[in-house]
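Engineer: Structure, please.
(one chain, ligands or ions: 1)
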Amino acid sequence: MKDTTETIGLIANGERPETPRRFDVTNPGTGGVAGTAPDAGQEELDRAVAAAKAAFPMWSAKSDAELAAACNAVADKLEQHAEELAQLITAEQGKPLDGIGSRWEMGGAVAWARYTAGLSLPLQVLQDTDQGRVEMHRKPLGVVGSITPWNFPVLIAVWHILPALRTGNTVVSKPSPLTPLASLRMIELMNEVLPAGVVNSVSCQDGAFNMGAAMSAHVDIAKIVFTGSCGTGQKVMQSGAETMKRLTLEMGGNDAGIVLPDANPEQIAEGLFWGAFINNGQTCAAMKRLYVHDDIHDAVCDALVAFARNIKVGEGSLEDSMLGPVQNQMQFDKLSRLVAQAKERGQVLLGGEPGQGLFYPPTIIAGMGADDPLVYEEQFGPALPIIRYTELEDALLQANALDVGLGGSVWSGDIAAAKSVALRMECGSVWVNSHGMIQPNAPFGGAKKSGLGVEFGEEGLKEYTQIQVIFA
Ligand code: NAD
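Structural biologist: The predicted structure follows:
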């Protein structure tokens with residue numbers, strides 16, 4: 001079969017450097033090949049970084065209005081090519097085209113790009129008196145290296161690249177080797193509206209040479225923005241120490257949801273389901289453990305299972321699929337192990353057996369406790385453990401017991417009561433009666449080992465700048 005992705009390449013200085021090697025990208029829904037991507041090495045990385053470094057003086061000298069206009073042009077480009085990119089995302093990531101799938105991801109990418117274009121960090125006058133004038137400026141850092149995971153390949157790349165561009169930095173972007181196609185194509189498209197060298201790309205199979213590690217240690221990269229697992233994020237931090245890199249690290253979590261006794265099981269069932277199973281549970285801020293009060297435990301389980309039963313799992317390109325396959329074998333094996341261990345003690349309410357290929361049905365297991373691996377490890381897949389509690393203090397203690405803290409949720413008919421519980425959760429975001437509903441105007445980041453710094457909004461934008469104070 002002809003490889004329709006063979007024309008997707010790297011970009012350095014607006015040009016397409018030849019890469020002698022390409023690697024296969026698997027379609028997790030079919031087990032076939034979704035396409036091929038360039039297998040770059042140190043030479044290609046150096047070329048991309050040099051291009052970004054050379055473009056930095058020109059780009060950082062642009063006016064605020066010019067930078068905003070360029071980001072809006074990128075948003076337009078993404079919008080025009082949204083369907084093409086959505087098809088690539090489904091082919092390599094597996095998620096459905098419709099529902100909360102790849103078209104939704106592209107809608108989010110365009111919305112985030114536009115919102116970021118509209119942000120600004122004007123100079124602040126801290127003092128203007130007879131004693132003198134003190135101004136605080138925010139200056140771009142230089143070359144930003146972006147390293148992304150495989151769960152939302154385009155959306156997360158936009159979260160990294162747009163704020164970097166908006167603040168006058170130039171970029172080298174590296175997608176996950178599991179989902180490089182849509183991201184590389186996106187960088188090609190961005191280069192149709194941006195000056196050469198402003199955004200460059202590298203992709204690599206991560207074999208003997210690890211591109212992310214090389215970027216984290218690169219002397220000419222000023223900042224790494226990384227989204228991925230905790231362990232890899234820690235490696236980025238270690239490698240970046242030598243060059244004192246600025247870092248934004250968005251890492252793994254194990255979000256808890258707490259259902260208070262006054263919640264209405266039927267009303268919250270749909271929100272609970274999508275809070276946990278969005279993108280097949282392969283979402284950083286998905287609900288990964290659910291604590292339910294004894295009074296309504298069985299009613300919540302029944303309502304959740306009744307909703308989950310009607311969810312159609314299938315190949316992403318099929319119209320009626322609501323969830324796709326697990327994205328890769330490693331993730332599938334981890335999920336299978338955690339569910340098998342959970343079944344030894346818990347009660348399987350739904351699912352629990354692997355399907356064909358990488359398909360795994362939505363799985364709900366009750367009777368779980370703090371010492372079950374499905375509770376304390378991040379499953380990052382479609383399996384939700386339910387933990388019964390009687391005392392709220394105990395539920396909070398368990399929710400806060402882990403060394404990660406990305407998101408959390410509280411479910412209740414009493415918003416004020418829910419908010420007071422929310423304030424006691426040790427995590428970066430807490431939602432009341434929903435979970436994981438991030439938005440571009442609200443800072444998003446992790447507590448404890450879930451990350452460093454925040455993304456989105458003005459607070460996120462600041463992370464791409466260095467403060468300079470002028471005393472005159
Ligand atoms: P991962 O850490 O395996 O890989 C992430 C990226 O890091 C990939 O591009 C990979 O090639 C690169 N990488 C590999 N080794 C590296 C190294 N030594 N130095 C630098 N980069 C290296 O994560 P994943 O499996 O792609 O994604 C799943 C994880 O990401 C989950 O833990 C999930 O919770 C987390 N995640 C977090 C967020 C968030 O915003 N907090 C969002 C999505 C995913």
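Engineer: How about the residues of the stretch 101-250 of the chain by the ligand?
Structural biologist: 147-151, 174, 176-177, 206, 210, 212-213, 216, 227-229, 232, 235-236, 250 (C-beta under 6 Å from any ligand atom). C-beta: built from backbone N, CA, C; applies to glycine.
Engineer: Among the residues you listed, name the ones in helices.
Structural biologist: Gly212, Ala213, Ser216, Thr232, Lys235, Val236 (DSSP state H).
Engineer: so what's Phe23 up against?
Structural biologist: Contacts for Phe23 (C-beta atoms under 8 Å, 6 or more residues apart in numbering) come out as Thr36, Ala37, Asp39, Pro177, Gln205.
Engineer: give me that answer again for 10 Å
Structural biologist: Thr36, Ala37, Pro38, Asp39, Pro177, Pro180, Ser203, Cys204, Gln205, Asp206, Gly207 (C-beta atoms under 10 Å, 6 or more residues apart in numbering).
Engineer: Describe which strands the helix or strand it falls within pairs with in its sheet and in which direction.
Structural biologist: Using DSSP states H and E, Phe23 sits in strand 22-26. According to DSSP bridges, strand 22-26 forms sheet pairs with strand 33-38 (antiparallel).
Engineer: Could you list the buried residues of the strand it pairs with?
Structural biologist: For strand 33-38, a neighbour-count test (16 or more other C-beta atoms under 10 Å) marks Ala34, Gly35, Thr36, Ala37, Pro38 as buried.
Engineer: which residue packs closest to the second one, ignoring adjacent ones?
Structural biologist: In this structure, Gly35 finds its nearest non-sequential neighbour in Thr5, 2.9 Å apart by C-beta to C-beta, 6 or more residues apart in numbering.
Engineer: What count of nearby residues applies to the one you found?
Structural biologist: 22 (other C-beta atoms under 10 Å).
Engineer: again with Met106
Structural biologist: 26.
Engineer: what separates the residue lying closest to Glu79 once chain neighbours are set aside from Glu192, distance-wise?
Structural biologist: Among residues not flanking Glu79 along the chain, Val110 sits closest, at 4.7 Å (C-beta to C-beta, 6+ apart). Per C-beta to C-beta, to the nearest Å, Val110 is found 16 Å from Glu192.
Engineer: go on, Arg185?
Structural biologist: From Arg185 to Glu192 the distance is 11 Å (C-beta to C-beta).
Engineer: what sits in contact with each of these two?
Structural biologist: By C-beta under 10 Å, 6+ apart, Arg185 and Glu192 have these common neighbours: His81.
Engineer: Neighbour count for these two, which is higher?
Structural biologist: The residue with more neighbours, out of Arg185 and Glu192, is Arg185; 22 against 12, by other C-beta under 10 Å.
Engineer: quick one: that one and Ala82 touch, right?
Structural biologist: No - look at Arg185 against Ala82 with C-beta atoms under 10 Å: they stay out of range, at 11.8 Å.
Engineer: Need the residues touching each of these two.
Structural biologist: Joint contacts of Arg185 and Ala82 (C-beta under 10 Å, 6+ apart) are Val154.
Engineer: State the phi and psi torsions of the residue of the chain most remote from its centre.
Structural biologist: Centroid-distance maximum for the chain: Asp130 at 48.7 Å, with C-alpha atoms, centre = their mean. The phi/psi pair for Asp130 (degrees, to the nearest 10) reads phi -60, psi -30.
Engineer: For the contacts of Phe23, which single residue is the most surrounded?
Structural biologist: Most crowded among the contacts of Phe23, counting by other C-beta under 10 Å, is Pro180 at 32 neighbours.
Engineer: Of all the residues in the chain, which one is nearest the ligand?
Structural biologist: Residue nearest to the ligand within the chain: Gly212 (2.0 Å; C-beta to the nearest ligand atom).
Engineer: Might one say that that residue is in contact with Ser173?
Structural biologist: No - between Gly212 and Ser173 there is no contact under C-beta under 10 Å: 11.6 Å.
Engineer: The two: who's more crowded?
Structural biologist: Set Gly212 next to Ser173 and count neighbours by other C-beta under 10 Å: Ser173 wins out with 28 against 23.
Engineer: Skipping adjacent residues, who's closest to that one in space?
Structural biologist: Ser146 is the one closest to Ser173 (C-beta to C-beta, 6+ apart), at 4.5 Å.
Engineer: about what we covered before: which pLDDT value goes with the residue farthest from the centre of the chain?
Structural biologist: On pLDDT, Asp130 comes in at 97.
Engineer: who touches the residue nearest to the spatial centre of the chain in this structure?
Structural biologist: The centroid of the chain falls nearest to Ile156 when counting by C-alpha atoms, centre = their mean (4.9 Å). Taking C-beta under 10 Å, 6+ apart, we find Ile156 in contact with 105, 108-109, 112, 146-150, 175-176, 183, 225, 227-228, 250, 284, 455.
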